[in-house]
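Participant: One predicted model, sequence on top.
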Amino acid sequence: MKSKINISIPEPCHENWQAMTKIEKGKFCGSCQKNVFDFTKATDRQIIDAYNKDNKLCGRFLSTQLNRDLVTPKEKGSLWLATTSTLFSLLAFGNNEIKAQETPKTEQTETKHFLGKPAQQQVVQTNEEKEITGIVSDESGPFPGVIVVVKGTQRGVSTNFEGKYSIKAKEGEILVFSFMGMKEENLIIDKNNYYKIEMVNDVKGNMIMMVGGISGKRRNFLGRTFYKIGNWFK
């Protein structure tokens, strides 16, 4: 039976995070003489994996990552992937068949002449989508998992492990860069195709950063059920 992990920090560290010595994936606290790993950008799965390797580690977390059951997304099985692949293939085949059956439309244009010379035709420029690429970073370096969306649309991607992104957009459209606990950044697309974005902390309310040694609790299904029932009577 699977169990879920609930992370908390019983005694938060009061040392200045900015004053700590920078190391890979975090900082070194001179007062505690311990490595403090930065989990503010980590997924629930990454936090669980780190806890399973060392349940006495110190970390920096968003308050929204603490005192709740960490969720691990279910991975799609091979059967689901095969079915999805087949479905997309059928849809693509159907679209191609429909296009092949359509009769090509022929448009005739009339060229007007003035004093024996053809009139100058007006060139209409279309603002087509182009591929926009770039990298997102913060004070620690490349920033993975940042959501990049074309404002007012449902077109969006997320940055990879190297903080890089690639998305289709038109000149004049606005790209919105967002991540929990970070200030939202807006970028207007111009003639350039490559942009660097630097995210900064936006610590407010329930987005407070907490640093310290973690404490984890595992609860199985029955334990979680009794916990929820108990909360009803509070």
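Facilitator: Sure thing, it's come through. Numbers count the residues shown, from 1 in each chain.
Participant: in which helix or strand would I find the residue lying closest to residue 166 once chain neighbours are set aside?
Facilitator: Among residues not flanking residue 166 along the chain, residue 133 sits closest, at 4.8 Å (CB to CB, 6 or more residues apart in numbering). Bear in mind the C-beta positions are built from the backbone N, C-alpha and C, glycine included. Per DSSP states H and E, residue 133 falls inside strand 130-138.
Participant: wait, the residue nearest to residue 166 sits on residue 192?
Facilitator: No - between residue 133 and residue 192 there is no contact under CB atoms under 8 Å: 10.3 Å.
Participant: Tell me how many other residues crowd residue 58.
Facilitator: When counting by other CB atoms under 10 Å, one arrives at 19 neighbours for residue 58.
Participant: if I look at it, how far off is residue 18?
Facilitator: Going from residue 58 to residue 18 by CB to CB, to the nearest Å gives 16 Å.
Participant: ok, now residue 178?
Facilitator: For residue 178, the distance to residue 18 (CB to CB) stands at 23 Å.
Participant: Please identify which of the two sits among more neighbours.
Facilitator: Comparing residue 178 with residue 18 by other CB under 10 Å, the one with more neighbours is residue 178, at 16 against 8.
Participant: Who is the residue nearest to residue 166 paired with across the strands?
Facilitator: Beta bridges link residue 133 to residue 166, residue 194 when assigned by DSSP bridges.
Participant: Contact partners for it?
Facilitator: Contact analysis of residue 133 by CB atoms under 8 Å, 6 or more residues apart in numbering lists 164-166, 193-195.
Participant: Could you give me the PyMOL syntax to select whichever of these are buried?
Facilitator: Remark: buried members of the contacts of residue 133, expressed as a PyMOL selection using 16 or more other CB atoms under 10 Å:
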select buried, resi 165+195
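Participant: closest to residue 65 among the contacts of residue 133?
Facilitator: Proximity of these to residue 65 (CB to CB) peaks at residue 165, which lies at 23.5 Å.
Participant: and the protein, what are its domains?
Facilitator: If you go by the TED database, the domain ranges for the chain are 4-72+205-218, 130-198.
Participant: export these to CSV and tack on mean pLDDT?
Facilitator: Listed next are the domains of the chain as CSV, based on pLDDT from 0 to 100:
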stretch, mean pLDDT
domain 4-72+205-218, 79
domain 130-198, 92
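Participant: quick one: the helices in this structure?
Facilitator: Listed in chain order, the helices of the chain (DSSP state H) span 44-53, 78-101, 221-232.
Participant: my read: residue 6 touches residue 70, true?
Facilitator: Yes - counting by CB under 8 Å, residue 70 is a contact partner of residue 6 at 7.1 Å.
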